[in-house]
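Student: Pasted the sequence and its predicted model underneath.
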Amino acid sequence: MVQVGSAERVAGDVLAEAGRRRSFAVISHPDAGKSTLTEALALHAEVIDSAGAVHGKSGRKGVTSDWMEMERQRGISVSSAVLQFEYGGAVINLLDTPGHGDFSEDTYRVLAAVDAAVMLLDAAKGLEPQTLKLFDVCRSRKIPVLTFVNKWDRPGREALELLDEVEQTIGLRPMPVTWPLGVAGELRGLIEVATGEFTRFTRAAGGATRAAAEAVPAEVIAAEEPQFWSTAQDELALLEEIGAQFDEKDFLAGTATPVLFGAALSNIGVARLLDALVELAPSPSEREDAEGRPRALDAPLAGLVFKVQAGMDKAHRDRMAFLRIHSGRFERGMVLTHAATGKPFATKYAQSVFGNQRTTVEEAFPGDIVGLVNANALRPGDTLYAAEPVHYPAIPSFAPEHFSVARCADAGKSKQFRRGIEQLDGEGVIQVLRSDRRGDQAPVLAAVGPLQFDVVAARMESEFSAPITLEHLPYQVARVTDEEGEVALARQSECEVLVRSDGVRLAVFSNKWRMDVVIRKFPDVRFEPLLAGTVD
């Protein structure tokens, strides 16, 4: 009886802790302010003292989440950062993702590890192509989406116009939580839609610390800003008339989105976004295994590796796997089973990651992200479990559209070259293909976007001291094939078959027209599409 009671108590702890978790990612088009928002959220949660800017202008430091040298030089996010902090009684797991379209595959993996997403819109540009693609991934994964309209302190479009664009373009019914007083570029403050309360903000110098917030009575601000106040009241009345009130059921069903306004760089509206995430975003729920069976949150520990990253600690050159806990309680030191191989995996070195800073993790619960060090055997999409076997669905690879032959620039560095290519392949930074024509010394690198090649070249030189040369190949389209397809294409021009490191054969073609010709010529041969890099 004591053991039963103990088990019930552990299960209760797991469910209670899971209920406190809020795990989400920020999705946006490049330059919409995603990394700046990530930093601002961490600032308001008081886990950093001052926020950085992506470009580090005017002496302002760079963002904590952009830790790679390439990110700091180019002002873009290449890697996915994981930030965990407590706020408002909840444990927040915030996954920052690459915004650039060339890194869509990495973002797709991250979205396999979250329970909600914040869709970040530029007030001047609205919905942009990469945002649309990432939203489609959220929709396919049934991930609820909150919307944050950023840069309202700069000139931009009208608020009602942006809401109409969201509804007409992606079919999400906007449900404003806050509403701006003043047009974009002349922000006077934010109105709480549900209560009518008004808050005025005073931006801190440089925007590196939290903006001062002051509650101002409605009659006072109406007297100070009569035109803006009158316009805002008319807009709010219109929203009420058309039924834009918040509906939790529609939000969780993915048919409506709460909308908040602000300016991440000025730290305006960021605290309200954090509050909304705690109040509205769902806590972890049961995840289905590869057979479609849901695994209870309080079942024995199981999780999915969604990202593998090396080079985060230059002193140790180790490799870290990011494990999203789906069920059970994680305790550092427990031995898990690697579902793909059946082999044991020790978790003695388990860490929580904040940018490139690490702290030891003693325990974790569903929704948490745990960094497992020395994870050489793990790849994105792998399942780890304790006690009860489970296998979660693998994370599919995107269809590459760019191909280059990689060669070691220094013959004396061939060993480092092979090790580096193998490691970057295991991380999912690049897809590595091989052919009898070129041999193992000249692997073909396949990418969704050309910037992936820049990352590979930079990391090969900095981390492995093995500079590479890249020779572009004239292929644009890939399809999965088999041995029969390899035979069929052997004598065809403008195409060939390459073997991916996981054994999958990819037929690559110079263009879609050439592929269509070949498919018509060999109608019985397997040419199966991969998940598109430009998610439709």
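Tutor: Everything's here; your move.

Student: Low-confidence ranges, the stretch 301-450 of the chain, go.
Tutor: 311-317, 354-356 (pLDDT under 70).

Student: Would you mind measuring from the nearest residue to I27 once chain neighbours are set aside to A42?
Tutor: For I27, ignoring the flanking residues on the chain, the nearest one in space by Cβ to Cβ, 6 or more residues apart in numbering is L134 at 4.1 Å. Any C-beta I mention is one placed from the backbone N, CA and C, and that applies to glycine too. Distance, L134 to A42, using Cβ to Cβ, to the nearest Å: 21 Å.

Student: okay, and the helix or strand of this protein with the least pLDDT?
Tutor: Lowest mean confidence among the helices and strands of the chain (mean pLDDT, DSSP states H and E): helix 69-74, at a mean of 45.

Student: so the residue nearest to I27 sits in a strand?
Tutor: No - under DSSP: H, G, I helix; E, B strand; the rest coil, L134 falls outside any strand and is assigned helix.

Student: going forward can the numbers begin at 19, since that is how I track them
Tutor: Fine by me, first position is 19 from now on; the one you just mentioned is L152.

Student: can you pull the pLDDT of it?
Tutor: Looking at L152, its pLDDT is 80.

Student: Check L278 too.
Tutor: Looking at L278, its pLDDT is 98.

Student: my read: it touches R290, true?
Tutor: Yes - between L278 and R290 there is a contact at 5.9 Å, judged by Cβ atoms under 8 Å.

Student: Need the overlap of contacts for these two.
Tutor: 195-196 (Cβ atoms under 8 Å, 6 or more residues apart in numbering).

Student: From A496, how far out is the residue nearest to I45?
Tutor: Distance from L152 to A496, by Cβ to Cβ: 22 Å.

Student: In this structure S301 contacts V132, no?
Tutor: No - between S301 and V132 there is no contact under Cβ under 8 Å: 11.9 Å.

Student: neighbour count winner among these two?
Tutor: Counted by other Cβ atoms under 10 Å, S301 and V132 do not tie: V132 has more neighbours, with 28 against 19.

Student: and the residue nearest to I45, how many neighbours does it have?
Tutor: L152 has 27 nearby residues by other Cβ under 10 Å.

Student: can you check R311 too?
Tutor: R311 has 9 neighbours, counted by other Cβ under 10 Å.

Student: do T220 as well
Tutor: 11.

Student: Could you tell me how far the closest residue to it other than its chain neighbours is located from A241?
Tutor: Excluding the flanking residues, the one nearest T220 by Cβ to Cβ, 6+ apart is A230, at 4.3 Å. Noted for A230: a distance of 21 Å to A241, by Cβ to Cβ.

Student: got it, and P192?
Tutor: Counting by Cβ to Cβ, the gap from P192 to A241 is 30 Å.

Student: Can you pick out the residue with more neighbours from these two?
Tutor: P192 (21 against 10).

Student: centre of the chain versus the helix or strand hosting V238, how much separation?
Tutor: Here V238 sits within helix 236-242, counting by DSSP states H and E. With Cα atoms, centre = their mean, to the nearest Å as the basis, helix 236-242 stands 41 Å off its chain's centre.

Student: No more questions from me, cheers.
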